[in-house]
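Colleague: using only what follows, build the 3D model:
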Amino acid sequence: MNKKNSMTTKQATNYPALARDIFMISLALLSVFILVFELTHQVPASEFRFLEGIDIFVAVIFLIDFGWNFMTVKDRRYFWRHHWYELFAAIPYESTIFQALRGLAILRLLRVVKVIRVFHASGRIHHAADTWFSETLHRFFTLGLTALTLIFAGAAAFHHFEFGFNPNVHGFFDSFWWAFGTVTTVGYGDIYPVTWEGRMVAMVLILVGVGVIGVTIGTIASYFMKKSDHRAVETAEE
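Modeller: Predicted coordinates:
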């Protein structure tokens with residue numbers, strides 16, 4: 001069997017897994033959409049009940065998915081070490097019980113953990129891309145997805161902590177603009193954190209952003225070096 005036929009067979013046998021990934025990605029993106037909606041709108045009581053139902057449904061599905069993966073994986077210790085954070089995605093943050101505890105100081109920090117659902121969606125997309133993309137395309141896709149995930153998650157966390165306290169943050173786009181400049185290490189200084197939680201988010205984004213930029217430059221350089229070497233080999237063979 002040649003390489004092309006092998007690739008076709010591999011893809012054919014992965015359709016059920018791909019369908020499952022698409023379903024889980026859709027749920028994760030739905031929860032991300034709800035998060036953005038909450039950050040940008042005042043949710044009335046009538047709509048809150050609807051969002052609560054969706055949030056509980058998504059959380060239950062995530063919990064079932066995590067339990068299924070944990071029970072069926074060969075190396076459970078490895079799975080736990082690399083996927084333990086997904087349990088936070090299974091917390092129904094919009095449930096009545098959780099909302100009743102919002103007055104506690106720790107809840108202000110804990111609620112931002114909902115941003116982990118952004119990483120949950122990113123991880124699912126990355127898993128699907130690992131199956132269907134070529135190695136080179138997969139690297140660039142992974143870097144782009146990582147940067148976008150960091151920017152969005154950072155913006156959501158920053159907005160949660162800064163909105164209402166920071167006079168320069170008037171809406172979610174301001175937080176997104178700040179996160180974009182911070183991750184890409186070209187911050188303009190027009191928006192800066194004023195709360196200690198916001199400063200913690202900034203420090204994390206700066207450190208991770210430097211790493212992402214470094215890996216991106218290295219990947220691009222490696223790509224062009226391999227391309228140059230390939231052309232040199234072709235020229236020598238001619």
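
Colleague: domain-wise, how is this protein divided?
Modeller: 1-126, 133-238 (automatic domain parsing).

Colleague: which stretch in those domains has the least confidence?
Modeller: Here the lowest mean pLDDT among these goes to domain 1-126, at a mean of 69.

Colleague: show me what whichever strand or helix holds residue 149 is packed against.
Modeller: Using DSSP states H and E, residue 149 maps to helix 135-162. In terms of contacts (3 or more C-beta pairs under 8 Å, 6 or more residues apart in numbering; DSSP states H and E), helix 135-162 is packed against helix 15-40, helix 116-132, helix 172-183, helix 196-237. Heads up, the C-betas are built off the backbone N, CA and C, glycines and all.

Colleague: and the angle for the shortest one with helix 135-162?
Modeller: When you say that, I think you mean helix 172-183. On the basis of axes from the mean of the first three to the mean of the last three C-alpha atoms, to 10 degrees, helix 172-183 is oriented at 120 degrees to helix 135-162.

Colleague: neighbouring contacts of helix 172-183?
Modeller: 36, 39-40, 147, 150-152, 154-156, 158-159, 162-163, 168-169, 187-188, 191-192, 202, 205-206, 208-209, 212 (C-beta atoms under 8 Å, 6 or more residues apart in numbering).

Colleague: just checking, residue 199 touches residue 166?
Modeller: No: applying C-beta atoms under 8 Å as the test, residue 199 and residue 166 come out as separate, 11.2 Å apart.

Colleague: check which residues of stretch 151-161 are buried.
Modeller: 151-161 (16 or more other C-beta atoms under 10 Å).

Colleague: in JSON lines: the residues you listed, plus distance to residue 66.
Modeller: Output for the buried residues of stretch 151-161, formatted as JSON lines (distance: C-beta to C-beta, whole Å):
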{"residue": "151", "distance to residue 66": "26"}
{"residue": "152", "distance to residue 66": "22"}
{"residue": "153", "distance to residue 66": "19"}
{"residue": "154", "distance to residue 66": "24"}
{"residue": "155", "distance to residue 66": "26"}
{"residue": "156", "distance to residue 66": "22"}
{"residue": "157", "distance to residue 66": "22"}
{"residue": "158", "distance to residue 66": "28"}
{"residue": "159", "distance to residue 66": "27"}
{"residue": "160", "distance to residue 66": "24"}
{"residue": "161", "distance to residue 66": "27"}
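
Colleague: against residue 182, how distant is the nearest residue to residue 87 once chain neighbours are set aside?
Modeller: Leaving aside its sequence neighbours, residue 87 sits nearest to residue 66 (C-beta to C-beta, 6 or more residues apart in numbering; 6.2 Å). Here residue 66 is placed at a distance of 31 Å from residue 182 (C-beta to C-beta, to the nearest Å).
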